[in-house]
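Chemist: Pasted the sequence and its predicted model underneath.
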Amino acid sequence: MSTSTPSTPDASHTGLRSRVGLETLAAPVRATCFYAALALPLAYVPLLVSGLETVSQTGNFFLLLGLHVLALALGHGHQPGE
């Protein structure tokens, strides 16, 4: 009588592979968000100079502000030069 185990990959190996794949994908996203967080404040200037008189301008300002906060959060861990 022999016992056979199903042919499944080792859980630790699968976890490592998914972490490496996730880090490979996350690094460019983190870098893009980091540099976007640096550049987005430049877009505030035309909006603030022209004024936030219409609903559309105010909506665009808050959309830009939300994108900036998101870029700051996602790009926070990026180390330039690595």
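Modeler: Now that the structure is in, tell me what you want to look at.

Chemist: Next, count neighbours for the closest residue to Leu40 other than its chain neighbours.
Modeler: Nearest non-adjacent residue to Leu40, counting by C-beta to C-beta, 6 or more residues apart in numbering: His68, 4.5 Å away. No exception for glycine: its C-beta is placed from N, CA and C like everyone else's. The tally of other residues near His68 (other C-beta atoms under 10 Å) stands at 17.

Chemist: chain center to stretch 59-79, what's the gap?
Modeler: Distance, stretch centre to chain centre, for stretch 59-79: 9 Å (C-alpha atoms, centre = their mean, to the nearest Å).

Chemist: hey, C-alpha coordinates of it in PDB?
Modeler: The C-alpha trace of stretch 59-79 is given here as PDB (Å, rounded to 0.1, in the frame of the first residue of the first chain):
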ATOM      1  CA  GLY A  59     -14.900  69.900  -9.000                       C
ATOM      2  CA  ASN A  60     -11.700  69.800 -11.000                       C
ATOM      3  CA  PHE A  61      -9.800  71.300  -8.000                       C
ATOM      4  CA  PHE A  62     -11.100  68.600  -5.600                       C
ATOM      5  CA  LEU A  63     -10.500  65.900  -8.200                       C
ATOM      6  CA  LEU A  64      -6.900  67.100  -8.500                       C
ATOM      7  CA  LEU A  65      -6.600  67.300  -4.700                       C
ATOM      8  CA  GLY A  66      -7.800  63.700  -4.400                       C
ATOM      9  CA  LEU A  67      -5.400  62.500  -7.100                       C
ATOM     10  CA  HIS A  68      -2.600  64.200  -5.300                       C
ATOM     11  CA  VAL A  69      -3.500  62.600  -1.900                       C
ATOM     12  CA  LEU A  70      -3.700  59.200  -3.700                       C
ATOM     13  CA  ALA A  71      -0.300  59.800  -5.400                       C
ATOM     14  CA  LEU A  72       1.200  60.700  -2.100                       C
ATOM     15  CA  ALA A  73      -0.100  57.600  -0.400                       C
ATOM     16  CA  LEU A  74       0.900  55.200  -3.100                       C
ATOM     17  CA  GLY A  75       4.300  56.800  -3.900                       C
ATOM     18  CA  HIS A  76       5.300  57.100  -0.200                       C
ATOM     19  CA  GLY A  77       7.600  54.100  -0.100                       C
ATOM     20  CA  HIS A  78       9.600  54.900  -3.300                       C
ATOM     21  CA  GLN A  79      13.400  55.500  -2.800                       C
END
